[in-house]
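Student: Next comes the sequence, and after it the predicted model I'd like to discuss.
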Amino acid sequence: MTLHTSAWYATGPAKWPQQTLRGHTIPGYRYTSKAFAAQEWEKVWTKVWLLLGREDEIPEAGDYQMEEVGPESFIMVRQHDGAIKAYYNVCLHRGARLIFNEVGTADAFTCPYHGWRWEIDGSLTHAQDAEDFPEGDPCGKLTLTEIRCETFAGFVWVNMDPDCVSLREYLGPVWGDWQPYQIHTWKRYLALTANVPVNWKVILDNFNESYHLPAVHPQADATVEENYRWTQFDMADEGHNRMWMQSGSPSHRLIGSGQPLIKPALEGALRAWELDPADFEGREFETREALQQAKRRLGPARGYTYFNDLRDHQLTDTYHYFLFPNFAVSIWAEGFHFLRARPHPTDPEQCVFDNWWYAPAPEGVTTPVMTAAGPVERDAEVEHVVFNFGEQSLGEPIDQDMAVTPGQQLGFRSRAYKGVYLAKQEHRIRRFHEVIDDYIEGRRPAPRRSEAIAAE
Ligand code: FES
Ligand SMILES: [Fe+2]
């Protein structure tokens, strides 16, 4: 049997810069205290780029999307010139929310309370009894409060801070990593949103480590190298994290387990790319490279034209990104598991968790998309379903993740919990909390080193 060699291991991405961690103990009040949540809101959430809408859901002028983050609600609306603008979803007369539906099309936003008419460019064109206002007719004077809005990977990102850096600068090396996948052309195939009784950081902590895999996901399909010794962990200057797990070959965990190295999921992946699992008997760890070659050879003709732009490791491997502060995603050549947590408007012990899935929809590909909640037909109309934790499944692996989180939230209230005792492979959690503290203390990440790498 051929085991990994250093050359084999080297066929991955360049490392991001090393970070010096300060040794945060992550005390429980960070997950339970209203005072801490208020600090986070003022110093973190209102200063960062937030991934919200999707460009292709608002293709025409007047098409809009509304999304909520904590106490705020944002409208993202397509303009007549094709640009997208984002506003706080609040009427400047006496504060009423303008819209409550997630998506729609409007000539203008007419406030449900007194009928003020806000055009999609934010201007006010009608106010009842305009002559009755001592400070003058509000039309021509007031405009909806606009926030910074940019797009990347087909998503609409907003930032409440007028002095923020560009989205490109904020994302640092993630920008370059994601470019070749052409994620802006991918479609959403799963949209499950659950109200979960935990602090939003509990969700992101979980997606910032893979140490829980053997205990929480014992069924792991063994096409992904889950052993931390073979995994690359990166922490960007900008506060984002990356984990690279080689895939398309057996996990080193299986060696000596008595189980076959090539399990059904890997067999299926090989057959899907015209490879015969039997050919790899005795050289099971060569399947990754064979899959890369097969995808390189067959992918473009099957409609995956962007495979031409992916590096070999991107054709097979699993990348897990954490984008500060609240977005985690697993990305493969053929899929994107979207994991986002948003804070509850008032209660630090609750959050909104989005378990979504995107995948390419190349012409001619008819095989279903394998999402975290099972297969979905390529031409399916995917409904956004919102429910309370426990009312409905989020798909097996995510149900497993979520099942352990409420117990941890309870533990954070215990006098016995004094802080974490972290393995090195969990250091991205520590980094996450230290970057939160950086923002709270008024320090912004310096992007220069990661920028340089992204430019390579
Ligand atoms: S609050 Fe909107 S018109 Fe009065
Ligand atoms: Fe998990």
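Tutor: Nice, I can see it. Ligands and ions are numbered 1, 2, ... in the order given.

Student: Once you drop chain neighbours, what's closest to Pro162?
Tutor: In space, and not counting its chain neighbours, Pro162 is closest to Arg148: 6.8 Å by Cβ to Cβ, 6 or more residues apart in numbering. From N, CA and C alone the C-beta is placed, and that goes for glycine too.

Student: which residues does that neighbour contact?
Tutor: Contact analysis of Arg148 by Cβ atoms under 8 Å, 6 or more residues apart in numbering lists Ala86, Val158, Asn159, Met160, Asp161, Pro162, Cys164.

Student: that's a strand at it, yeah?
Tutor: Yes: looking at Arg148 with DSSP: H, G, I helix; E, B strand; the rest coil, it is inside a strand.

Student: Which residues of this protein lie near ligand 1?
Tutor: Within the chain, the positions near ligand 1 by Cβ under 6 Å from any ligand atom are Cys91, His93, Arg94, Ala96, Cys111, Tyr113, His114, Trp116.

Student: Where neighbours are concerned, which of the residues you listed has the most?
Tutor: Highest neighbour count within the residues of the chain next to ligand 1, by other Cβ atoms under 10 Å: Trp116, with 24 neighbours.

Student: How much space separates that one from Asp137?
Tutor: Using Cβ to Cβ, to the nearest Å, one gets 12 Å for the distance from Trp116 to Asp137.

Student: shared neighbours, the two?
Tutor: Contact criterion Cβ under 8 Å, 6+ apart; residues shared by Trp116 and Asp137: Ala127.

Student: Apart from its neighbours in sequence, what residue is nearest whatever residue of the stretch 151-300 of the chain ends up closest to ligand 1?
Tutor: Going by Cβ to the nearest ligand atom, ligand 1 is nearest to Met160 of the stretch 151-300 of the chain, at 21.1 Å. Spatial nearest neighbour of Met160, excluding adjacent residues (Cβ to Cβ, 6+ apart): Thr46 at 4.4 Å.

Student: neighbours around the one you found, how many?
Tutor: Neighbours of Thr46 (other Cβ under 10 Å): 18.

Student: by contact count, what packs against the helix ranked longest in the chain?
Tutor: The residue-count maximum for a helix in the chain (DSSP state H) belongs to helix 396-411. Packing partners of helix 396-411 (3 or more Cβ pairs under 8 Å, 6 or more residues apart in numbering; DSSP states H and E): strand 187-196, helix 200-206, helix 213-216.

Student: mind putting the ones you listed in JSON lines, mean pLDDT and mean neighbour count included?
Tutor: Compiled in JSON lines, those are given as follows (pLDDT from 0 to 100; neighbours: other Cβ atoms under 10 Å):
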{"stretch": "strand 187-196", "mean pLDDT": "97", "mean neighbour count": "20"}
{"stretch": "helix 200-206", "mean pLDDT": "98", "mean neighbour count": "24"}
{"stretch": "helix 213-216", "mean pLDDT": "90", "mean neighbour count": "13"}
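
Student: Present the ones you listed as JSON lines; the columns should include distance to Leu394.
Tutor: JSON lines is the format used below for those (distance: least, Cβ to Cβ, whole Å):
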{"stretch": "strand 187-196", "distance to Leu394": "5"}
{"stretch": "helix 200-206", "distance to Leu394": "12"}
{"stretch": "helix 213-216", "distance to Leu394": "14"}
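
Student: To Tyr170, which of the ones you listed lies closest?
Tutor: When those are compared for distance to Tyr170 using Cβ to Cβ, the nearest one is helix 200-206, at 17.0 Å.

Student: Mind listing residues that contact that closest one?
Tutor: Residues external to helix 200-206 that are found in contact with it (Cβ under 8 Å, 6+ apart): 30-31, 196, 212, 322, 325-326, 328, 339, 341-344, 351, 353, 401, 404-405, 408-409, 429, 432-433, 436.

Student: Quick one: distance of it to the chain centre.
Tutor: Its chain's C-alpha centre and that of helix 200-206 lie 12 Å apart, by Cα atoms, centre = their mean, to the nearest Å.

Student: Let me see the contact set for the closest residue to Arg242 other than its chain neighbours.
Tutor: Using Cβ to Cβ, 6+ apart and skipping the chain neighbours, the partner closest in space to Arg242 is Asp234 (4.2 Å). Contacts here follow Cβ under 8 Å, 6+ apart; on that basis Asp234 touches Pro13, Lys15, Trp16, Asn241, Arg242, Met243, Trp244.

Student: Could you grab the helix/strand/coil label for Asp234?
Tutor: Following three-state DSSP, the label given to Asp234 is strand.

Student: And for the residue lying closest to Asn308 once chain neighbours are set aside, the neighbour number?
Tutor: Using Cβ to Cβ, 6+ apart and skipping residues adjacent in sequence, the residue nearest Asn308 is Pro300, 5.8 Å away. The tally of other residues near Pro300 (other Cβ under 10 Å) stands at 14.
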